[in-house]
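In: Please find the sequence and the predicted model below.
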Amino acid sequence: MRLSRSPLAIAAFLLAVPGLLISSGGDVLDTLTYSTPVILFVAAAVAMFTSVSIPSLIVVLALVHVVAFCLIGLLHAMPQPPGPSLGYWCMVISSWLLAWFSVQNLAGLKLTSPQAQRLVNLALPVLFGAWLLLLWEIIVRGFGVPSILLPPPSMIAERISGSVPTLWADFQQTYLKAAIAGYVIGCGSGFLAAIIVDRVPFLRRGLLPIGNLVAALPVVGIAPIMVMWFGSYWESKAAVVVIMTFFPMLVNTVAGLAASGAMERDLMQTYGSSYGQTLLKLRLPAAMPFIFNALKINSTLALIGAIVAEFFGSPIVGMGFRISAEVGRMNVDMVWAEIFVAALAGSLSYGLITLIERAVTFWHPSYRT
Amino acid sequence: MNFIRNSVVPVGTVLLAILALWYAFAIILNAPFERDQAARANTTIATGQLIANTMAQERPVLPAPHQVAEEIRKTVFDISPTSKRSLVYHGGVTLSSTLLGFGLGTLLGILLAIAIVHSRTLDKSLMPWIITSQTVPILAIAPMIIVVLNAVNITGLLPKAMISTYLSFFPVAVGMVKGLRSPEIMHLDLMHTYNASKAQVFWKLRWPASMPYLFTSMKIAVAISLVGAIVGELPTGAVAGIGARLLAGSYYGQTVQIWAALIAAALMAAILVSLIGLVATLVNRRMGVRP
């Protein structure tokens, strides 16, 4: 038997002990009340008295997650005022420290097989996110935070599953119509403009400083004007997205077209290649990392532009409309459901563009293994 | 001379072209209203009169540049800065929450970056989330944060500044992680042979090396803080600030007012970004960077 030297494990163990002794609050006398502190104590003991190894870490992690769900179960069974007592919070902190301890040791592991390393690299952020949600749920419910301020995740999940048709209609209106149409037009025209600007040096000197400036401006402010010009349907939102995405694309593509080396251009010259051939075979491929950078930035901007533009006037469907309407009615869980959808759509489109980028710029040093 | 030929002339030409286009569009977009008016009065309108009229409408579809300039002049210089109709007053409200949010956000971003660079656990578990959260359209929920905080009696500058903080700490955190990791292995090894402590490596090598990254990300951060402050002003019932001006203008069809607020915001962004650029140049010179 050996004592752990990690301060995390020691603190977790010390905090697991009062969980055994002090009641966790409420008068619920069932198996949950008795088993939770015991499981936690076992997990803390494993972390405290065994040497760090993959099996022991897996045991600790598994036990800690069982404890976490028991803690949430206890919370639901408890009468809300007065809420959980000191012993309960000791257990929460202890299990959180144990999870942190295992994650820290997992991150420090040097694994030989690349598959296992990839699995660990994936598991770490997932664990972090899961604990964020768990603590959010426990703290909001345990302290009785008013749900207007911050609804617990379980309430948001309930709302999402209960209003799928509404969310889908909003998503269709804002994302599939406005954001995607604006994104395609804005990025496409920005790309074409960049090629023209690149061809005419006078324009490059004149337009690029202005483009750089406009890329830093609060372009969202143009939304009320677009709503006035194009009406309150999705066309006006698409127009806002076009203007927001145009300049980042222009600036990045022009920078990318200048990225190919002088040596390579000289080589194309000795081959006697025309402007078009140089562009297609050398300069555009070399510009791809820059173009994808702009595509990624724009994927976020497009969603923001489409949602914010709906605050200035929209039909009675759309994510921005729903957010502002439900805020007015203090239905904060519905707002969070829309935020979840927006976050999911944003992350998925970002991920999709990253995948395409990997396939297109497989030659780039950052992807070579 | 080279500077004038290579930069003033092209930029000036493009600006003039934009101005000319603006006037042309103002005439084209505002003309239908004038023709309509003439048709209702059963008169025909001469082209010269038509063009003159399109530039002096009360609520034009697209106001002509000089109308916007006149509105800015009037609301900046003629009205006292304490009045609620003064653009200086509204600009000041927006600027204060922008700067507060930007300051807090930069500080938070730097602290997060320091923690991430020094802790392998945080690097592996927190960094992916910072990158993911960049894909979340947080700006879209800015109004909700304001309303919710108002509901629990947190009002005034702080909620708006919180949105700016939230928006501006991402670029700083990501840029500073890159910057604090930018010293070469050779330099780190040198510090190691000097038996330098972690704090010494940080203050004498990592921190100075990260300066260019810090200023680049601060430029992005200040621009996005301004956007956050403006959007944050939208739902407060159009009380004060550039965003409130925009919203009030769009409710009452005051296009000239909207454009004036937009131009003011653009000028503010340009000034803030170039101020940071100036500080960056000064710091670089102090650190011995030769242009």
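Out: Cool, the structure landed.
In: Torsion angles phi and psi at residue A:316?
Out: The phi/psi pair for residue A:316 (degrees, to the nearest 10) reads phi -80, psi 40.
In: That one: neighbour count?
Out: Residue A:316 has 8 neighbouring residues, counting by other C-beta atoms under 10 Å in any protein chain shown. Placement of C-beta: from N, CA and C, glycine included.
In: how about it, what does it touch?
Out: By C-beta atoms under 8 Å, 6 or more residues apart in numbering or on different chains, the contact list for residue A:316 is empty.
In: So it versus chain B, what's the distance?
Out: Distance of residue A:316 to chain B, given as C-beta to the nearest C-beta, to the nearest Å: 18 Å.
In: where does that residue land on pLDDT?
Out: If you check residue A:316, the pLDDT there is 81.
In: Skipping adjacent residues, who's closest to residue B:196 in space?
Out: The shortest distance from residue B:196 to any non-neighbouring residue, by C-beta to C-beta, 6 or more residues apart in numbering or on different chains, is to residue B:204 (7.2 Å).
In: Now name the helix or strand holding the residue in chain B sticking out farthest from the centre.
Out: What lies farthest from the middle of chain B is residue B:42; by C-alpha atoms, centre = their mean that is 48.2 Å. Assessed by DSSP states H and E, residue B:42 sits outside every helix and strand.
In: Next one, pLDDT for it please.
Out: Residue B:42 carries a pLDDT value of 77.
In: and it, what does it touch?
Out: Contacts of residue B:42 by C-beta under 8 Å, 6+ apart: none found.
In: For chain A, see how far away it is.
Out: Applying C-beta to the nearest C-beta, the value for residue B:42 to chain A is 29 Å.
In: related to what we said a few turns ago, hmm, residue B:198 and the residue nearest to residue B:196 touching each other?
Out: No. Here residue B:204 does not reach residue B:198: they are 11.3 Å apart, not a contact under C-beta atoms under 8 Å.
In: which SS class is residue 44?
Out: Just going to use chain A. Here residue A:44 is helix, with the state taken from DSSP: H, G, I helix; E, B strand; the rest coil.
In: The chain in question should be chain B.
Out: coil.
In: my guess is it meets residue B:38, correct?
Out: Yes. Using C-beta under 8 Å, residue B:44 is in contact with residue B:38, at 6.2 Å.
In: need the strands for the chain, in chain order.
Out: The chain I'm using is chain A. Counting by DSSP state E, one finds no strands in chain A.
In: wait, chain B
Out: Using DSSP E, strands in chain B do not occur.
In: In it, which residue is most central in space?
Out: residue B:223 (3.2 Å).
In: any idea of the pLDDT on that residue?
Out: Per the predicted model, pLDDT is 85 at residue B:223.
In: Would you enumerate the residues in contact with it?
Out: A:216-218, B:269, B:272-273.
In: related to what we said a few turns ago, list phi and psi for the residue farthest from the centre of chain B.
Out: Dihedral angles for residue B:42 - degrees, to the nearest 10 - are phi 60, psi 30.
In: quick one: it and residue B:105, what's the gap?
Out: According to C-beta to C-beta, to the nearest Å, residue B:42 stands 61 Å off from residue B:105.
In: and if you look at residue B:281?
Out: As judged by C-beta to C-beta, residue B:281 and residue B:105 stand 23 Å apart.
In: what does residue B:25 give?
Out: For residue B:25 relative to residue B:105 (C-beta to C-beta), the value is 37 Å.
In: Tell me which of those two has more neighbours.
Out: Counted by other C-beta under 10 Å, residue B:25 and residue B:105 do not tie: residue B:105 has more neighbours, with 29 against 13.
In: The more buried one against residue B:173, yeah?
Out: No. Using C-beta under 8 Å, residue B:105 is not in contact with residue B:173; the gap is 9.2 Å.
In: Give me the common contacts of these two.
Out: If you check residue B:105 and residue B:173 against C-beta under 8 Å, 6+ apart, no residue is contacted by both.
In: Contact partners for residue A:312?
Out: By C-beta under 8 Å, 6+ apart, the neighbours of residue A:312 are A:223-224, A:227, B:247, B:250.
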